[in-house]
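Asks: below are the sequence and a predicted model; questions follow.
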Amino acid sequence: MSDAIIELRDVKTHFPIYQGFLLKKPVGMVKAVDGVTLSIQRGEVLGLVGESGCGKSTLARTIMQLVPTTSGMVIIEGRNLTQGTAASLRQTRREMQMVFQDPYASLNPRLTVFATLAEPLIVHKICPADQITARVAMLMELVGLAPRFMQKYPHEFSGGQRQRIAIARALALEPKIIIADEPVSALDVSIQAQILNLLADLRRQMNLSLIFIAHDLSVVKHISDRIAVMYLGKIVELGPAADVIDRPRHPYTQALVSAIPTPNPDVERNRQRIVLAGDPPSPIHPPVGCPFHPRCPHMQEKCKAAVPPLVRIEDGREVACVRIGEI
Amino acid sequence: MIAPTSSSSAAVLPEPLERGTSLWRDAWSRLRKNHLAVLGGVVLLVLALACVLGPLIFHLSYQNQNLDLGATPPGPQHWLGTDTLGRDLLARLLYGGRISLMVGLVASLVALVIGVTYGAVAGFFGGKLDSVMMRIVDIMYALPFTVFVILMMVFLKEPMQAVDAWLSRFALLSNLQGVGKILLLFGAIGAVEWLTMARIVRGQILSIKRMEYIEAARALGYGRRRIIFRHMIPNILGPVVVYTTLTIPAVMLLESFLSFLGLGVDAPMSSWGTLIKDGAEKMEEFWWLLVFPGGVFSLTLFSLNFLGDGLRDALDVRASKD
């Protein structure tokens, strides 16, 4: 844990729900992120998976400080972001950047590629004015776009090209870490692989750290060093990528892994799939005890007693399940 | 980490740049294909130029009376005839056009600036501020407009006269009678028209506030002002432009309505509204006094509406890229 670039300590992001007409009263809390402790090493790729609504995107926005943190600490390079001033936060933005899910929504349609990529350079005074064009051209080449397109507008590009522009924009500030929030889920399958390879290449070239968010394990398994599995605002399993996929320990991870399709039809036909019953419970009224117990195939009475903590079961492997020794 | 390999852009850009088409240019090319809208724009331009330059070129006077002449039908001497006091109708129409077009432009501009700023602030900051600001708009909506203007005219009579007295001290401006009242007219109309604009802008801002490119701008550490003015407002200008072009005719109608009631421009100055009012009183004897002002006014409104419709079609993103 010595070379951590980002550390999260018991981070909670809760959104109050208001009801009432004139005097609005908070009637409940959506616990989107509920006590996440995590650290990401320099140059590491962390895959973050979980089903829709489990708080992955909120966690990303919490790390980026785009939503207010309820409690806990987000520490980057030794600075706690949850207590900084707006000005110091703006400065810290250079260290971390985000790539959004939908490249059709994440680029300002009124700005050319040049304007989109030059703006961060100007705002953060990254390079002298006479080098901005050269720097923009270099960023475009870095993500595999021809610089001659720099005066074009987002609507003149395909989805994959737009996502490249979004990645170039994130790289403009030379961040140490990039948070990619489902960067390929809005793209065609054939394009997905290109963007994944681009991210993997960039990470190698620039020694970037990456938090790669997806709702589907098959997307993250190739690119990640470690995988964190999230369920209802909490991390339920964490470990080296290959390990988590090959020997999932938490029942929820086991279900996710069993849903990865295999390219071999014979294996595919006889594959055992764990089908989870029901929908994820509401994050407003999470179940008492283990949040997964209503859907868990291994549920016992003791699962309803208390929220299981994330405990280290072997080196680098952490699981939040009270029956970990038995299943 | 990243270092520019070369300092000059020519060296990094061996190939010629390909030019992109901005959404504005796209809209412009679509607008040009809409013949009615182009025609509307040309008619407006010609009318505006005539109103501004006409009186200067022909040395016409809107107030020289010729009681011996009285009302004469259109002829070679007076192209559009004269009114009962022998004043040249063409001159009065052109001078009146200055007032009417100016009211349309200035009051719409007032409404535009107040409405966009107010709506953008309410939408961007949201929460309690938004609630309070929009309730104020609701209350102002509920005021009956005519009563509001009459009250303004009554209570602001003295300041109006003070403005006139102050202006008359300057020899150059001494012929600008009733300017105070006209300013009040601008204010009164602008004060009502911005309400709808504020609502439109607030709604638009709310709808793009959660867009990912706004989040991206925040993640990149841009300031609030940059986000509002560079990333938000340009993306909501479509509906704003369209609504503005449709506000101008509405404002001109309001002015003629107020002048018709005697709350607008005072004689001997004219506006299209007062000319139509005078013409309507005498239309059974002197048809030209109603037909020409009414015709020009209708033509202007038609043109503005065609242009506004054309702009709406041109700027509508849903129609453009599907």
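Replies: Received, thanks. Residues are numbered from 1 along each chain as shown, chains lettered A, B, ... in the order given.

Asks: now do the helices in the stretch 101-250 of chain B.
Replies: Residue ranges of the helices in the stretch 101-250 of chain B, as given by DSSP state H, counting those that start in this stretch, are B:127-142, B:145-155, B:157-168, B:179-209, B:212-219, B:224-226, B:233-260.

Asks: which one of those has the poorest average confidence?
Replies: When these are compared by mean pLDDT, helix B:157-168 comes last with a mean of 74.

Asks: quick one: the residue positioned nearest the centre of chain B from B:Ala48, how far?
Replies: By C-alpha atoms, centre = their mean, chain B has its centre lying nearest to B:Leu105, at 3.0 Å. According to C-beta to C-beta, to the nearest Å, B:Leu105 and B:Ala48 sit 9 Å apart. Heads up, the C-betas are built off the backbone N, CA and C, glycines and all.

Asks: could I get the buried residue list for the helix or strand hosting B:Ser298?
Replies: Per DSSP states H and E: B:Ser298 is located in helix B:288-315. For helix B:288-315, burial by neighbour count (16 or more other C-beta atoms under 10 Å in any protein chain shown) applies to B:288-290, B:292-294, B:296-297, B:300-315.

Asks: likewise stretch A:317-327?
Replies: A:317-323.

Asks: spell out which parts of the stretch 201-327 of chain A neighbour chain B.
Replies: A:206-207 (C-beta under 8 Å from any C-beta of the partner chain).

Asks: burial measure for whichever residue of the stretch 201-327 of chain A sits closest to chain B, as a count.
Replies: The stretch 201-327 of chain A approaches chain B most closely through A:Met206 (5.6 Å), counting by C-beta to the nearest C-beta. A:Met206 has 16 neighbours, counted by other C-beta atoms under 10 Å in any protein chain shown.

Asks: next one: phi and psi at it?
Replies: phi -110, psi 10 (degrees, to the nearest 10).

Asks: what of A:Tyr231?
Replies: phi -140, psi 120.

Asks: my guess is it contacts A:Pro283. True?
Replies: No: assessed by C-beta atoms under 8 Å, A:Tyr231 is found out of contact with A:Pro283, at 10.5 Å.

Asks: looking at those two, which one has more neighbours?
Replies: A:Tyr231 (24 against 21).

Asks: got a pLDDT number for the more buried one?
Replies: 90.

Asks: again, but for B:Ala319
Replies: 47.

Asks: and for residue 142, the neighbour number?
Replies: Just going to use chain A. A:Leu142 has 19 nearby residues by other C-beta under 10 Å.

Asks: my question was about chain B, not that one.
Replies: When neighbours are counted by other C-beta under 10 Å, B:Ala142 registers 7.

Asks: and of the helices of the stretch 101-250 of chain B, who's closest to B:Leu44?
Replies: Among the helices of the stretch 101-250 of chain B, helix B:233-260 comes nearest to B:Leu44, with 9.4 Å by C-beta to C-beta.

Asks: packing partners for the closest one?
Replies: Counting contacts by 3 or more C-beta pairs under 8 Å, 6 or more residues apart in numbering or on different chains; DSSP states H and E, helix B:233-260 is packed against helix B:89-125, helix B:179-209, helix B:272-281, helix B:288-315.

Asks: among those, which comes closest to A:Lys25?
Replies: Nearest of the helices and strands packed on helix B:233-260 to A:Lys25, taken as C-beta to C-beta: helix B:89-125 at 21.5 Å.

Asks: quick one: distance of the closest one to the chain centre.
Replies: Between the centre of helix B:89-125 and the centre of its chain there are 4 Å (C-alpha atoms, centre = their mean, to the nearest Å).

Asks: same question, stretch B:298-311
Replies: Computed by C-alpha atoms, centre = their mean, the chain-centroid distance of stretch B:298-311 equals 12 Å.

Asks: what residues does the stretch 1-150 of chain A have near chain B?
Replies: A:61, A:64, A:66, A:89-91, A:93-94, A:97-98, A:100-102, A:105-110, A:112-113, A:119-120, A:123-124, A:127, A:130-131, A:133-135, A:137-139, A:142, A:146-150.

Asks: and the residues you listed, which of them are in helices?
Replies: Members of those lying in helices (criterion: DSSP state H): A:61, A:89-91, A:113, A:119-120, A:123, A:133-135, A:137-139, A:142.

Asks: so B:Leu44 touches B:Leu304, yeah?
Replies: Yes: using C-beta under 8 Å, B:Leu44 is in contact with B:Leu304, at 6.7 Å.

Asks: so A:Leu46, which of the three states?
Replies: Three-state call for A:Leu46 (DSSP: H, G, I helix; E, B strand; the rest coil): strand.

Asks: for it, grab the count of nearby residues.
Replies: So A:Leu46, with other C-beta under 10 Å, has 24 neighbours.

Asks: the one 4 residues further on now?
Replies: Burial of A:Gly50 is recorded as 26 neighbouring residues (other C-beta under 10 Å).

Asks: residues near the closest residue to B:Met197 other than its chain neighbours, how many?
Replies: Using C-beta to C-beta, 6 or more residues apart in numbering or on different chains and skipping residues adjacent in sequence, the residue nearest B:Met197 is B:Gly115, 2.6 Å away. By the criterion of other C-beta under 10 Å, B:Gly115 has 27 neighbours.
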